[in-house]
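Enquirer: below are the sequence and a predicted model; questions follow.
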Amino acid sequence: MSRCMVKQTLPFLLHLTTIAALEGQPELDFGDLLRHRPSVPLIGGWLVARPMTASAGDFVTPGTPVEIPDGTEAGNGLTESREGFVAVVHGRLVMGDGGISVDSSRLPINSPEVGDIVIGEVNRLNENVAEIRILHVESREGGHRSLPAMKLFADIHVSEVVDRFTPSPGDAMRMRDIVRAKIIKSDPILKASTKGNSKLGVLSALCTQCGEDLVASDEKVDFNVKCNNCDYSAYRVLSDGFGHGHEIRSKKSELNRSGERWSPEAEAGLGHDGARPYLSPLADFRRGANHEMPASAKATRGGRGGGRGGRGGGRGGQGGPRREMHKAVCTLCGCDTQVPFEPTPGKPIRCRDCMDKVKDGRASKEELAKERETMNEMRAKAQATMGTKLFVGRLSYDTTEDELVEAFSALGKVKSVQVAMDRDSGRSKGFAFVTFSNREEGLAAAKKMNGAEMGGRKIVVEESKPSGGGRKGGERRGRGDRNRSKR
């Protein structure tokens, strides 16, 4: 026995010896005294009271002694030890069905499900997805605030951030922003949305330059937040509760300008094709408002032509050219507009307002009928000036464009000739397109050359239809004529 243990035990031994002498009992030996010690609580060598036993109605924690009345059985949450029955879980003792048990006070787990409203912090921003860490399930009362490990994060796709064209989610929210979102999908991973309800969106945001809280502002179009400590201003998809949390005191979501076109100043700062890293507020401050696309982003997009779908992208000419805008006239209202593709005569070209009008079903039958008349006139006028394109099939693989020009130029003014070539092998696909400047001359040439012999083969010549799908349509027609000739 250690010296410390002897020092703590001696007062207890003397106490028991004195009690034995007063009661006339034989004096206990040292071994008997040591055997009594474990069953008697001591603190600093002094006797203390045993822990009180709990009964029905008491709150217990693991290890609390429990009194089991006669004729009563121990139920759930209790186990028998050397000292008697003790609780193994925390809760309240209840009597029922001839037994006593522990009614556990564990709260239910609030696992987010489709339709739930959650509060989260923007944890990561990628090119197309914003990841938020869920802090609280707002639409559920009670239960644990802690979430299951597989339900801690949710993804917000760029198309679910705000109801307007946004190149990347980082253009409407930043790292560490607090947002309110709605769960729209739960399997295999949680997916959320911040559009469709004015209560959804950013609730709190920090200045990326000085770290102060941002406030809502309507001073500049599409710059709906600003910092009162510095000159920083930016765009956030604001909730009506921005700056107030759960209390909805204003209509700040109107500053989001849902469905509207970006102002030129705001559009110039959009992070087209991941030009901004969006790593953190510090990274934004370090790089500044204007910076080149990171080398890693350029390398990632190098194989796709520098932009989404290989169309090019980048901001300010970085990482590939921006799409060229073409002037056009709206076929519905007749106003001047611009489109990111070359207009095709006879096809609908609508300005932003008319696109929304048709999409929402607000365009009248008279307006749509007038638009069809306009498109028919444009198509007829284009056919008269653009001539006609002929499909020439069943060509020999050795036939050249010069041979086609020589054969068709005798029938009218040939505007262009194009032999379809295979990209991989560089060989002819066996068909071509011949465009005549005059439509009547082209139709007459098609009638005369159809079935004529060229390169030892009878060729097929017919007018190329725009709905035929270009080369693929020509191939189908060529095969169809080939099969008909066999029959």
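Expert: Thanks, I have the structure now. Residues are numbered from 1 along each chain as shown.

Enquirer: setting aside sequence neighbours, what's the nearest residue to the residue nearest the centre of the chain?
Expert: Nearest residue to the geometric centre of the chain (Cα atoms, centre = their mean): residue 157, 1.8 Å. Leaving aside its sequence neighbours, residue 157 sits nearest to residue 129 (Cβ to Cβ, 6 or more residues apart in numbering; 5.7 Å). For glycine as for every other residue, the C-beta is placed from the backbone atoms N, C-alpha and C.

Enquirer: now residue 80
Expert: residue 74 (6.9 Å).

Enquirer: partner residues bridging that neighbour?
Expert: Residue 74 has these beta-bridge partners by DSSP bridges: residue 100.

Enquirer: what about it, distance to residue 439?
Expert: 99 Å (Cβ to Cβ, to the nearest Å).

Enquirer: repeat that for residue 266.
Expert: Taken as Cβ to Cβ, the span from residue 266 to residue 439 is 46 Å.

Enquirer: what does residue 81 give?
Expert: According to Cβ to Cβ, residue 81 stands 102 Å off from residue 439.

Enquirer: quick one: which of those two has more around it?
Expert: residue 439 (17 against 10; other Cβ atoms under 10 Å).

Enquirer: the more buried one and residue 389 touch, don't they?
Expert: No - using Cβ atoms under 8 Å, residue 439 is not in contact with residue 389, being 10.0 Å away.

Enquirer: residue 399 belongs to a strand?
Expert: No - looking at residue 399 with DSSP: H, G, I helix; E, B strand; the rest coil, it is coil, so not inside a strand.

Enquirer: could you list every residue that touches the closest residue in space to it that isn't next to it in sequence?
Expert: Excluding the flanking residues, the one nearest residue 399 by Cβ to Cβ, 6+ apart is residue 455, at 5.0 Å. Listed by Cβ atoms under 8 Å, 6 or more residues apart in numbering, the contact partners of residue 455 are 395-396, 398-399, 403.

Enquirer: closest to residue 430 out of the residues you listed?
Expert: residue 395 (5.2 Å; Cβ to Cβ).

Enquirer: for the closest residue to that closest one other than its chain neighbours, what are its contacts?
Expert: Excluding the flanking residues, the one nearest residue 395 by Cβ to Cβ, 6+ apart is residue 430, at 5.2 Å. Going by Cβ under 8 Å, 6+ apart, residue 430 touches 393-397, 420, 478.

Enquirer: gap between residue 430 and residue 103?
Expert: According to Cβ to Cβ, residue 430 stands 83 Å off from residue 103.

Enquirer: please apply the same query to residue 387.
Expert: Relative to residue 103, and taking Cβ to Cβ, residue 387 is found at 88 Å.

Enquirer: so these two - more neighbours on which side?
Expert: Between residue 387 and residue 103, residue 387 has the larger neighbour count (other Cβ under 10 Å), namely 21 against 14.

Enquirer: isn't that one up against residue 437?
Expert: Yes - taking Cβ under 8 Å as the definition, residue 387 is a contact partner of residue 437 at 4.5 Å.

Enquirer: hey, what's in contact with both of those two?
Expert: residue 415.

Enquirer: which SS class is residue 444?
Expert: From three-state DSSP, the assignment for residue 444 is helix.

Enquirer: how many residues are close by it?
Expert: Residue 444 is flanked by 14 other residues according to other Cβ under 10 Å.

Enquirer: surely it touches residue 412?
Expert: Yes - Residue 444 is within contact range of residue 412, at 7.2 Å (criterion: Cβ under 8 Å).

Enquirer: now flag whichever of the contacts of residue 430 is closest to residue 187.
Expert: residue 420 (46.1 Å).

Enquirer: phi, psi for that closest one please.
Expert: phi -70, psi 130 (degrees, to the nearest 10).

Enquirer: which one is it nearest to, not counting chain neighbours?
Expert: residue 429 (4.2 Å).

Enquirer: which parts of stretch 127-136 are buried?
Expert: For stretch 127-136, burial by neighbour count (16 or more other Cβ atoms under 10 Å) applies to 127, 129-132, 134.

Enquirer: where do the helices sit along the stretch 251-400 of the chain?
Expert: 264-268, 281-287, 295-301, 352-359, 365-386 (DSSP state H, counting those that start in this stretch).

Enquirer: show me the shaky parts of the stretch 301-450 of the chain.
Expert: 301-323, 383-384 (pLDDT under 70).

Enquirer: would you list the phi and psi of residue 148?
Expert: With angles defined as degrees, to the nearest 10, residue 148 sits at phi -60, psi 150.

Enquirer: wait, what's in contact with it?
Expert: 109, 111.

Enquirer: 10 Å instead?
Expert: Counting by Cβ atoms under 10 Å, 6 or more residues apart in numbering, residue 148 makes contact with 109-112.

Enquirer: same list (those residues) but as CSV, adding secondary structure and neighbour count.
Expert: Below are the contacts of residue 148 laid out as CSV (DSSP: H, G, I helix; E, B strand; the rest coil; neighbours: other Cβ atoms under 10 Å):
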residue, secondary structure, neighbour count
109, strand, 11
110, coil, 22
111, coil, 16
112, coil, 22
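
Enquirer: quick one: least confident of the residues you listed?
Expert: Lowest pLDDT within the contacts of residue 148 is found at residue 109 (76).

Enquirer: what's the neighbour count on the closest residue to it other than its chain neighbours?
Expert: In space, and not counting its chain neighbours, residue 109 is closest to residue 144: 5.6 Å by Cβ to Cβ, 6+ apart. By other Cβ under 10 Å, the residues close to residue 144 number 13.

Enquirer: stretch 379-392: which residues count as buried?
Expert: Applying 16+ other Cβ under 10 Å to stretch 379-392 flags 387-392 as buried.

Enquirer: now those as CSV including distance to residue 199?
Expert: Below are the buried residues of stretch 379-392 laid out as CSV (distance: Cβ to Cβ, whole Å):
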residue, distance to residue 199
387, 58
388, 58
389, 55
390, 60
391, 57
392, 62
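
Enquirer: now, among those, which is nearest to residue 271?
Expert: Using Cβ to Cβ, those come closest to residue 271 at residue 389, 41.3 Å.

Enquirer: wait, the closest one sits on residue 464?
Expert: Yes - applying Cβ atoms under 10 Å, one finds residue 389 in contact with residue 464, separated by 4.3 Å.
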